[in-house]
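>>> okay, here's the prediction I keep looking at, along with the sequence it came from:
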Amino acid sequence: MSPNVPKSTYTRADFTSDQEVRWCPGCGDYAILAAVQRLLPELGASPENTVFVSGIGCSSRFPYYMNTYGFHTIHGRAPAVATGVKLANPELDVWVVTGDGDGLSIGGNHLLHVLRRNLNLQIMLFNNQIYGLTKGQYSPTTAVGKVTPSSPMGSLDQPLTPARFALGAGAKFVGRGFDVSKDLADLLKEAHDFSGTGFVEILQNCPVFNDGIFEHIRDKKSGPAYQVWLEHGKPILFGANREMGVRLNTTSLTAEIVKLGDGVTEADILVHDETNLAQAFLLADLPGAVALGVLYRSEAPVYDESVQTQNRMAIDRAGGVADMAKELRKGHTWKVA
């Protein structure tokens, strides 16, 4: 969250660049791009104070299509570059755009550290469970058995769950949405309003190499049976008529899907507590359905604010800003004959 201009100053057009959008027809990235371009004016953002930082992959073309500052970096390093951007200029509103391959494979280490540090920025991880840009190899989130050019007999790797990865790394805000959801912009706004790193996994369709992998969730007819939208302090109910719910199995300590009736009442249903880390882990891998919305939110010190405070203390202690040339030349030195 960063100080910006009044909401009415800009429109979606002000955040839309003049570049031709080059994603495959039917790609979920189009819907995500539109949601972000519509959202930024509502946040009071301004193009000159907004930065999108990406790595490598289809999702990482995002900065080209935003009329803001942008940095298309190298594979997996977007979190590291974004950290530098935010620390160098804390007033900038920084967004990281990455994918399941870019962010969780070569970039997993960098993603882990930005999450545990809790910088004041937003991370959108597009999860299509495949490497799209490099023509369909299996990724860290690909399902076991998936046949791809790099797994012709089926993938043997156990897939990562991005939300669980983020929780395990110490993220303080973890959300999940999907590309064509009308609620995606609201979720991204909550991530933006959070003081710290707002991590949002976005389930996204790849029509060429993994088409339909999330269709049961995205489809208007079947979707209600799989979309478990979470609301803090409310029973976790879902379904076309809210006839389904999530219950805690006290024997196995797991979350399970149940149908109301036949002795199951709303009193048996788990109440969502977005400050409960253990519950967030259970919901991140919910069997038979997908938890959406804010899985976890917990206030914590913000890294870039702490760095600024420490810098001011150092300056005060030294009686001013140090002379870099003198600093480099003081202390222990060696002369080589």
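Happy to help now that I have it. Residues are numbered from 1 along each chain as shown.
>>> skipping its backbone neighbours, what lies nearest P162 in space?
Nearest residue to P162, sequence neighbours excluded (Cβ to Cβ, 6 or more residues apart in numbering): E201, at 4.3 Å. Every C-beta, even on glycine, is put in place using the N, C-alpha and C of the backbone.
>>> surely the one you found forms part of a helix?
No. Using DSSP: H, G, I helix; E, B strand; the rest coil, the assignment for E201 is strand, not a helix.
>>> count of neighbours near it?
27 (other Cβ atoms under 10 Å).
>>> what sits against it?
Residues counted as contacts of E201 (Cβ atoms under 8 Å, 6 or more residues apart in numbering) are L125, N127, P162, A163, A166, V174, G175, R176, G177.
>>> quote the end-to-end distance of stretch 143-150.
In stretch 143-150, first residue to last residue: 13 Å (Cα to Cα, to the nearest Å).
>>> which parts of it are buried?
By neighbour count on 16 or more other Cβ atoms under 10 Å, the buried set for stretch 143-150 is K146, T148.
>>> from the chain's centre, how far out does it sit?
In terms of Cα atoms, centre = their mean, to the nearest Å, the centre of stretch 143-150 is found 24 Å from the chain centre.
>>> now do stretch 259-275
Distance, stretch centre to chain centre, for stretch 259-275: 28 Å (Cα atoms, centre = their mean).
>>> restricting to C-alpha, output it in PDB.
Output of stretch 259-275 as PDB, limited to C-alpha atoms (Å, rounded to 0.1, in the frame of the first residue of the first chain):
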ATOM      1  CA  LYS A 259     -23.500 -31.900   2.900                       C
ATOM      2  CA  LEU A 260     -25.900 -30.300   5.300                       C
ATOM      3  CA  GLY A 261     -28.700 -32.600   6.400                       C
ATOM      4  CA  ASP A 262     -28.800 -36.100   7.700                       C
ATOM      5  CA  GLY A 263     -27.600 -34.900  11.100                       C
ATOM      6  CA  VAL A 264     -25.100 -32.300   9.700                       C
ATOM      7  CA  THR A 265     -26.100 -28.800  10.700                       C
ATOM      8  CA  GLU A 266     -24.500 -25.400  10.200                       C
ATOM      9  CA  ALA A 267     -23.300 -25.700  13.800                       C
ATOM     10  CA  ASP A 268     -20.900 -28.400  12.600                       C
ATOM     11  CA  ILE A 269     -19.400 -26.200   9.900                       C
ATOM     12  CA  LEU A 270     -16.000 -24.700  10.400                       C
ATOM     13  CA  VAL A 271     -16.000 -20.900  10.900                       C
ATOM     14  CA  HIS A 272     -13.300 -19.100   8.800                       C
ATOM     15  CA  ASP A 273     -10.700 -17.400  10.900                       C
ATOM     16  CA  GLU A 274      -8.200 -15.700   8.500                       C
ATOM     17  CA  THR A 275      -5.800 -15.200  11.400                       C
END
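>>> now it: buried residues?
Buried residues in stretch 259-275, counted by 16+ other Cβ under 10 Å: L260, I269, L270, H272, E274.
>>> fine, thanks again, bye for now.
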